[in-house]
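[1] I would like the atomic coordinates for the input below:
(2 chains)
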Protein chains: 2
Amino acid sequence: MTAREVIQKKRDRGELTADEIAFFIRGYLSSEIADYQVSAWLMAIYLNGMTSQETLALTRVMRNSGKILDLSSVAGKKIDKHSTGGVGDKTSLVVAPVAAACGVADPMIAGRALGHTGGTLDKLESIPGFNPRPSPGQIVKILKNAGAVLMGQTKDLAPADRRIYALRDVTATVESIPLITASILSKKLAEGIDGLVMDVKAGSGAFMPNLRMASALARSIVDVCRSMKTKTVVLITDMEQPLGRAVGNALEIRECIDFLHGKTPDDLETLSMALAAHMVRLGGRAKSLEAASRLAYEEVSKGGAAKKFREIIRAQGGNDGVVDDPDLLPKAAHIHVFRATVEGFVTRCDAKLLGLACNALGAGRNRVDDVIDPAVGLYVEKKLGDRVRRGDVLCQVHWNDQKRLRKAITLIEPAFEIQSRPAPSRPLIHAVLEG
Amino acid sequence: MTAREVIQKKRDRGELTADEIAFFIRGYLSSEIADYQVSAWLMAIYLNGMTSQETLALTRVMRNSGKILDLSSVAGKKIDKHSTGGVGDKTSLVVAPVAAACGVADPMIAGRALGHTGGTLDKLESIPGFNPRPSPGQIVKILKNAGAVLMGQTKDLAPADRRIYALRDVTATVESIPLITASILSKKLAEGIDGLVMDVKAGSGAFMPNLRMASALARSIVDVCRSMKTKTVVLITDMEQPLGRAVGNALEIRECIDFLHGKTPDDLETLSMALAAHMVRLGGRAKSLEAASRLAYEEVSKGGAAKKFREIIRAQGGNDGVVDDPDLLPKAAHIHVFRATVEGFVTRCDAKLLGLACNALGAGRNRVDDVIDPAVGLYVEKKLGDRVRRGDVLCQVHWNDQKRLRKAITLIEPAFEIQSRPAPSRPLIHAVLEG
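    Sure thing, here's the model as predicted:
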């Protein structure tokens, strides 16, 4: 077997065997197969696809390329939640404490901001002192004590994914269902979890631009998880507009804290509590989704979730005082208000443009080594379907640099559209698949 | 413009502009674009194709990546001939001296053996002393004096092609019509020629396995040459069985010498003289193909072509005595005769298997740094349609190493098929296209 033969077989639409896929990935990691061979193979996969058997084999060999967390000493089921990423998508920061409060442990590996989307780790780092890189020994300890740990991908977990993702990023081979499936699940299944709740986002602010692709990804994830004997629920959710109102690191932490204290922006609450309920049910803490949902809501209203959030932050070295006094979080020097110039209904509140605006303010990254400004971002006052009068604030812009503000405004302007009649409303949760 | 954007556009079946193609190739040569980006792009081209405008732009930027031979000081038209490669395909060694004898200069850049096909340069190197790497100054001098020069690709000519070809070879992106077109023509059009006669081979021993692909390549070559204002004739010819009878370096030189002395294996004569006639006509030495053909035959029969071959060999440092005494060429220590075990008609004389057998004997290369044995090879006694009796010699095997002989026999056995009735005969020249 040679690397060229494996590339050629995929190029010619053949179905690769598990052995061929393992040979290729292991050869890459041991430097016997060169990155230029891997990128040609990735493009062939992008264009010719993979069967679910191939995707399974790829996921397995990528997961097995590194260590698998041993969480056997942590009592109860370990359930994680993962999102394909969006704008204002802060549910991880809500569901981890809620699930932990309900007795479901979550060893969550989270990501960084890139492009127009934010990253959970960057948001957490806006909390003074927070350490997103606990040692392997600490991970188990934090999980036992706080019920959740929120951490970055380590070098030992699925190293094949890290190398392949870096190649995909520069070779236009990111948006491929089998490659996304293997990338997500190789990491998630290396967490040693019993179940996974996935949030696959569709829309302008998501990596899957439409429902068709989001559904294909959801099915692919369910198929692989079923074969890997990991329980899964996949929610396909809307990402045409930002989730919640805050977009930007410290602003999003603040919004999550607000939620845990009972202040509830509609869609953030709806989605977070749905995700948390599925985690609680998969984790065996409730027999039905309704019972799980009730339990999750109780933990929010009686303060159990806020308490867990404090514990998680403290266990990871952060200042847990932010949960009671969000003013301890970084704040931008200026707030610009962006107002409606006409009257009507909001018919567009474009997630991608607002994500890019937030990025332009300094909240995101265009290159891996860009430094993030935790304080800047947007607070969206009017969302799809809202009625506005001339002069109403559509969105607050929290800024620190005038040049960056100007760039952001250029992106915010076309993000909003106001028409005399409201557009038909969109469902927040399009579908739920279970594996 | 970024490399990723250019890859993405081709990935999504867009038509690249000449600027985008130039940006990409120049970026690769200046190391701003990495080889793993180029290989992903090549796979996208392999799978999604290129329009003739894109192929033209790619050819042009690859040709312009290096020097272009300045042959303005050489009188008359400069016409080259190129073959896509086959087994026993030795026409270059015949047409260059014939065309030169007719007054058409040929600055031929020839290739090395790789895989199951032979290489003109390796064949020439079986002539004692022959130097396939004359300096730029010598090239013009040899061309003026001998009327033809037979040389290897230099570092300065189309360096982009050399680098891209090396990548294609290890990433399963060789068999692509636009990439083959650009690879061949970037080199050929850097020779400073006025016209080109192409031999595009189709069949088991060729890179184009069938007539459909060979026709597509032929059309692509004609299109690009027309846009580059270079006159072209493309012959689509058969490569199901070896051309002529000899396969192997010194054996093929001997067969060419035999031909120049009037001993004429049918198909080698037919094809070589057709190619030479087109060169003579494109070179303006005859008004019609018939007149050109007559002129070419005259030069063979009156010894003008043999004289030119002597001059070319001498000018490039070789022992021109071989033309009158082929026994000066290297000879294998042993000859094994491979005989028919049944009576009937030859219905298969498989070019690829015989090419691989010859390679197994040591006449070819599996890796770029393999050393070639110039003496070994095959002499095919019976070809498609020939009647054979039990015990007749099908093929002589010239060998030096018993282990290699055994390997070769294993490949020769299935190469021949003898049936009670002859198969329908195949045309040698399937089509002629003119640009």
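
[2] Show me where the stretch 151-300 of chain A has its helices.
    A:159-170, A:177-188, A:211-227, A:249-260, A:266-282, A:289-301 (DSSP state H, counting those that start in this stretch).

[3] Of all those helices, which one is nearest B:R294?
    helix A:159-170 (59.6 Å; Cβ to Cβ). The way it works is simple: take the backbone N, C-alpha and C, and place the C-beta from them, glycine included.

[4] picking up where we left off before, so which of the helices of the stretch 151-300 of chain A gets nearest chain B?
    Shortest distance between chain B and the helices of the stretch 151-300 of chain A, using Cβ to the nearest Cβ, is found for helix A:159-170: 5.9 Å.

[5] Which strands or helices does that closest one pack on?
    With contacts defined as 3 or more Cβ pairs under 8 Å, 6 or more residues apart in numbering or on different chains; DSSP states H and E, the secondary structure elements packing on helix A:159-170 are helix A:18-29, helix A:35-48, helix A:52-63, helix A:177-188, helix B:35-48.

[6] hmm, 10 Å instead?
    Using 3 or more Cβ pairs under 10 Å, 6 or more residues apart in numbering or on different chains; DSSP states H and E as the contact test, the elements touching helix A:159-170 are helix A:18-29, helix A:35-48, helix A:52-63, helix A:177-188, helix B:3-11, helix B:35-48.

[7] Need the helices of the stretch 151-300 of chain A in a markdown table (columns: mean neighbour count and mean pLDDT).
    Conversion of these to a markdown table gives the following (neighbours: other Cβ atoms under 10 Å in any protein chain shown; pLDDT from 0 to 100):
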| stretch | mean neighbour count | mean pLDDT |
| --- | --- | --- |
| helix A:159-170 | 19 | 93 |
| helix A:177-188 | 24 | 96 |
| helix A:211-227 | 20 | 96 |
| helix A:249-260 | 25 | 97 |
| helix A:266-282 | 24 | 97 |
| helix A:289-301 | 18 | 97 |
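
[8] Adding distance to B:G244, write those helices out as a markdown table.
    As requested, those are arranged in a markdown table below (distance: least, Cβ to Cβ, whole Å):
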| stretch | distance to B:G244 |
| --- | --- |
| helix A:159-170 | 47 |
| helix A:177-188 | 49 |
| helix A:211-227 | 55 |
| helix A:249-260 | 74 |
| helix A:266-282 | 73 |
| helix A:289-301 | 78 |
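
[9] Nearest to B:C102 among these would be which one?
    Nearest of those to B:C102, taken as Cβ to Cβ: helix A:159-170 at 53.3 Å.

[10] Helix A:18-29 and the closest one, what's the angle between them?
    For helix A:159-170 against helix A:18-29, the angle by axes from the mean of the first three to the mean of the last three Cα atoms, to 10 degrees is 80 degrees.

[11] Wasn't A:H430 part of a strand?
    Yes: counting by DSSP: H, G, I helix; E, B strand; the rest coil, A:H430 is part of a strand.

[12] Tell me if I'm right that it and A:M208 touch.
    No: between A:H430 and A:M208 no contact is recorded; they are 11.2 Å apart, counting by Cβ atoms under 10 Å.

[13] When those two are compared, which one has more neighbours?
    Here A:H430 and A:M208 are set side by side on neighbour count (other Cβ atoms under 10 Å in any protein chain shown), and the busier one is A:M208, at 23 against 18.

[14] can you pull the contacts of the more buried one?
    Each residue near A:M208 by Cβ atoms under 10 Å, 6 or more residues apart in numbering or on different chains is listed here: A:84-85, A:175, A:177, A:180, A:200-202, A:214-218, A:236, A:239.

[15] any idea how far A:E413 is from it?
    The gap separating A:M208 from A:E413 is 26 Å, by Cβ to Cβ, to the nearest Å.

[16] How about A:L384?
    Distance from A:L384 to A:E413, counting by Cβ to Cβ: 17 Å.

[17] More neighbours: those two, which one.
    Just comparing A:L384 and A:E413: by other Cβ under 10 Å the higher neighbour count belongs to A:L384, 19 against 12.

[18] Confirm that the more buried one sits in a helix.
    No: with three-state DSSP as the criterion, A:L384 is located in coil rather than a helix.

[19] so who does it touch?
    Shown here is A:L384, whose contacts under the criterion Cβ under 10 Å, 6+ apart are A:238, A:240-241, A:267, A:345-350, A:417, A:422-423, A:425-426.

[20] got a winner among the residues you listed for most neighbours?
    For these, the largest number of neighbours (other Cβ under 10 Å) sits with A:Q241, at 26 neighbours.

[21] And the pLDDT for the residue nearest to that one when sequence neighbours are not counted?
    Leaving aside its chain neighbours, A:Q241 sits nearest to A:C349 (4.1 Å; criterion: Cβ to Cβ, 6 or more residues apart in numbering or on different chains). The predicted local distance difference test score for A:C349 is 97.

[22] backbone phi and psi for A:C349, please?
    Backbone torsions for A:C349, taken as degrees, to the nearest 10, come to phi -150, psi 70.

[23] Contact partners for the closest residue to A:A363 other than its chain neighbours?
    Closest residue in space to A:A363, ignoring its immediate chain neighbours: A:G248 at 4.4 Å, by Cβ to Cβ, 6+ apart. Under the criterion of Cβ under 10 Å, 6+ apart, the neighbours of A:G248 are A:88, A:118, A:122-123, A:126, A:254-255, A:332, A:357-359, A:361-364, A:372-379, A:397-398.
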